[in-house]
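> my questions are about this predicted structure, shown below with the sequence.
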Amino acid sequence: MKAANDILGWFIVAVVVVSPIPLGSNPPIFWAISGCLIGLVTFAYFGYAAIGHGSLRVPLHRLALPGLLWGLLLGWLLVQMLPLGDWFGPIAFVSKAGDVIAARYLSLAPGSSWLMAIRMCSYGLVFFLASQAGANEGRAKRLLTAIFWAIVLHAAFGLFQLTQLNDTLLGFDKKYYVGVATGTFVNRNSYATYLAMGLALGAALLARLVLSKRERNLLPSEVAVSVLSIAGGMLIIMISLMASQSRMGFLAAVIGVTLVGLLTLRWMRGSRWMLALGVLLVAALGLAMLLGYGQGLLERLVYEGGGSSGRDEIYAQVWTMIATRPWLGFGGGAFELAFPMFYGAPLSPDVLIDKAHSTYLSLISELGVIGGLLPVLIVGLILGRLVMQYFRTSSGAAVLLAGIGVVAVGAAHSVVDFSLEMQANAYLMIAILGLAQGQASGSSRRADYPAQE
């Protein structure tokens, strides 16, 4: 299966690299296209294994609990699309004003629920495929490095669009976020999440140079070249992140990079002072860059501070929406259609609100409390496995750190925004999480990190 897993790994990289280009893969047509493509690749992979070319590197039983929860999530989405109203009588949706809408389905928008099911199915398959490719430590590192440099290219292109292409979006005039970097995304915060995960990944690759015994056997000049190249890539990402002027994107990046740095201490022996010095230097460099390149971001941080830009009012009305149907929800992907039933002052009637601006609230409002927390629980279980594996053994530490770092970024930004509802961001986080799961599975027989003393 080595050749198949090599091809599979580069397919995952291609998904991560290409998915941001069509507006972050936010238009529904790309959900269907990518879902079909990933499904076909998965079918071909299982077929190749079934005809005697080898066994799975990460056996299915090692993914049993997350897989079970994933199956329950897909099952609940399917239940929401069943015509239960035809069998048990019309299903009532009550608005804040007391108006009643009678429907045939538990979902107010069954078509949107189908699209959400396709997305969730594709996310699970990407995770599974990435875990197979990531079971080999050397391959996982190569794939992570390729993903990192792809994010650097996206960051550079975002700056090029902003400064050299008259602040356009793929050649078209922007309608929103004029004057800030958005890359190939429509929304600057979604772009910032993509970049922030790139910074966490870069920090994990730097940690590899610190921890790896093989790297320590290199000449200092060779290590310096590797460090400077990764640091240079992170610098480009950081400048583009600041040009996006996303406050929470910047904070999420700080959280992800800091967490990776702190966890790196676990496997450092006599040179922890070097990491502390490195953190101070990075902090100083970041501050210098913020003053030199992040004037717009700095102004937003100083003058707007922790202002929510109207999100508090949105959250209050979303909570009212949740309280109306706490267990059943309004249907996967139905937020845009359901929220107008609760929309009111002090929100302006001239502003269209089609997102909850919090992925957690969005999931709960659409799927109910139990169904909405299933994706959070799935990611939490996988993250817990990565953390336990990281503290148990130093094998594959850089890959595990990358998985932990990107989840920290995504989880933090999702509190106050919808970045992970953009498919490109979801694919990036899940692909890296899958590669890390391959290491946490214990299938890799390679270990080039020092044992704990």
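Structure received. All values derive from a computational prediction rather than experimental measurement.
> contacts and neighbour counts: CA atoms only from here.
Noted.
> low-confidence ranges in the chain?
Along the chain, the model assigns pLDDT under 70 to residues 52-53, 212-221, 269-309, 442-453.
> please report the distance of the residue of the chain most remote from its centre from residue 326.
Most distant residue from the mean C-alpha position of the chain: residue 89, 39.9 Å away (C-alpha atoms, centre = their mean). Distance from residue 89 to residue 326, counting by C-alpha to C-alpha, to the nearest Å: 20 Å.
> swap in residue 91?
Counting by C-alpha to C-alpha - residue 91 and residue 326 are separated by 15 Å.
> likewise for residue 355?
Distance from residue 355 to residue 326, by C-alpha to C-alpha: 18 Å.
> residue 199 is in contact with residue 259, isn't it?
No - Residue 199 is not in contact with residue 259 according to C-alpha atoms under 8 Å; the separation is 11.7 Å.
> neighbour count: those two, which is higher?
residue 199 (32 against 18; other C-alpha atoms under 10 Å).
> is that one in a helix, a strand, or coil?
The assignment at residue 199 comes out as helix when based on DSSP: H, G, I helix; E, B strand; the rest coil.
> apart from its neighbours in sequence, what residue is nearest it?
residue 234 (5.9 Å; C-alpha to C-alpha, 6 or more residues apart in numbering).
> next one: residue 241
residue 192 (5.6 Å).
> please apply the same query to residue 20.
Per C-alpha to C-alpha, 6+ apart, closest to residue 20 is residue 424, 5.0 Å.
> go ahead and confirm that neighbour touches residue 13.
No - taking contacts as C-alpha under 8 Å, residue 424 lies outside contact range of residue 13: 11.9 Å.
> neighbour-wise, which of those two wins?
Legend: neighbour count by other C-alpha under 10 Å for residue 424 and residue 13, higher for residue 424 (26 against 23).
> helices or strands up against the helix or strand where that one lies?
For residue 424, the host element (DSSP states H and E) is helix 423-440. On a contact count with 3 or more C-alpha pairs under 8 Å, 6 or more residues apart in numbering; DSSP states H and E, helix 423-440 meets helix 2-18, helix 110-133, helix 137-164, helix 188-211, helix 359-392, helix 397-414.
> can I get the CA coordinates of that helix in CSV?
The C-alpha trace of helix 423-440 is given here as CSV (Å, rounded to 0.1, in the frame of the first residue of the first chain):
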residue,chain,number,x,y,z
GLN,A,423,-15.0,24.4,3.4
ALA,A,424,-11.4,25.4,2.6
ASN,A,425,-10.6,26.0,6.3
ALA,A,426,-12.4,22.8,7.3
TYR,A,427,-10.4,20.7,4.8
LEU,A,428,-7.2,22.3,6.0
MET,A,429,-7.8,21.6,9.7
ILE,A,430,-9.2,18.1,9.1
ALA,A,431,-6.4,17.1,6.8
ILE,A,432,-3.7,18.0,9.3
LEU,A,433,-5.7,16.4,12.1
GLY,A,434,-5.9,13.2,10.0
LEU,A,435,-2.2,13.2,9.4
ALA,A,436,-1.6,13.6,13.2
GLN,A,437,-4.1,10.8,13.9
GLY,A,438,-2.0,8.6,11.7
GLN,A,439,0.9,9.2,14.1
ALA,A,440,-1.3,8.8,17.2
